[in-house]
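Undergrad: sequence unavailable; structure follows:
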């Protein structure tokens, strides 16, 4: 199979997988299981900077990690690879949206089986929005987060197809 066709097929796979995430981010995806330990590592890594910073950097860290890989590929002038990693950036932002969207109702279930609400669980977004007096603006903030993640996924779709047939060959050593 010709290399351009292989890259185009490789671009289509994440597009097919990530479009449903952009369309309905409240439906769980397998990548949520990847986001969770990175999110929690952000809390642990930054806990010495105070509670608010540690709470905020849980979500930020889960977005920063794929952004670093995206930046790596941009720096090394690998736009096709950067576009593929950009899917992960958008998905991670949409995972943050799910949590932010739940800040008022607090119905998400934590690892221990408790909800983030009245059963003794801690809700990052409820805490942060309460501390910043923005809890009444939860829907707007969550909507902006969702819009950002969705735009990034659509940019990844466009970029992956655009750059699939350019000079970057990721499958050059593979005989298909």
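TA: Happy to help now that I have it. Please read all numbers here as calculations on a predicted model, not as lab measurements.

Undergrad: element containing residue 106, please.
TA: Using DSSP states H and E, residue 106 sits in no helix or strand.

Undergrad: the helices in this protein, which residues?
TA: With DSSP state H as the definition, the chain shows helices at residue ranges 3-23, 32-45, 51-75, 79-101, 124-131, 138-164.

Undergrad: OK, contacts around the closest residue to residue 42 other than its chain neighbours?
TA: Leaving aside its sequence neighbours, residue 42 sits nearest to residue 61 (Cβ to Cβ, 6 or more residues apart in numbering; 2.6 Å). Heads up, the C-betas are built off the backbone N, CA and C, glycines and all. With contact taken as Cβ atoms under 8 Å, 6 or more residues apart in numbering, residue 61 is in contact with 38-39, 41-42, 45-46.

Undergrad: if you set the cut-off to 7 Å instead, what comes out?
TA: Contacts for residue 61 (Cβ atoms under 7 Å, 6 or more residues apart in numbering) come out as 38-39, 41-42, 45.

Undergrad: buried stuff in stretch 41-56?
TA: Buried residues in stretch 41-56, defined by neighbour count with 16 or more other Cβ atoms under 10 Å: 42-43, 46, 54-56.

Undergrad: what stretches of this protein score poorly on pLDDT?
TA: 1-4, 110-121, 167-176 (pLDDT under 70).

Undergrad: please repeat the previous calculation with a cut-off of 80.
TA: 1-8, 10-11, 26, 28, 108-122, 165-176 (pLDDT under 80).

Undergrad: against residue 21, how distant is the spatially most central residue of the chain?
TA: Nearest to the mean C-alpha position of the chain, by Cα atoms, centre = their mean, lies residue 92 at 0.9 Å. Distance, residue 92 to residue 21, by Cβ to Cβ, to the nearest Å: 10 Å.

Undergrad: just to revisit the earlier point, the helices of the chain into JSON lines, with extra columns for distance to residue 108?
TA: Below are those laid out as JSON lines (distance: least, Cβ to Cβ, whole Å):
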{"stretch": "helix 3-23", "distance to residue 108": "17"}
{"stretch": "helix 32-45", "distance to residue 108": "11"}
{"stretch": "helix 51-75", "distance to residue 108": "13"}
{"stretch": "helix 79-101", "distance to residue 108": "7"}
{"stretch": "helix 124-131", "distance to residue 108": "10"}
{"stretch": "helix 138-164", "distance to residue 108": "13"}
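
Undergrad: so which of the ones you listed is the most packed in?
TA: helix 79-101 (a mean of 24; mean count of other Cβ atoms under 10 Å).

Undergrad: packing partners of it?
TA: On a contact count with 3 or more Cβ pairs under 7 Å, 6 or more residues apart in numbering; DSSP states H and E, helix 79-101 meets helix 3-23, helix 32-45, helix 51-75, helix 124-131, helix 138-164.
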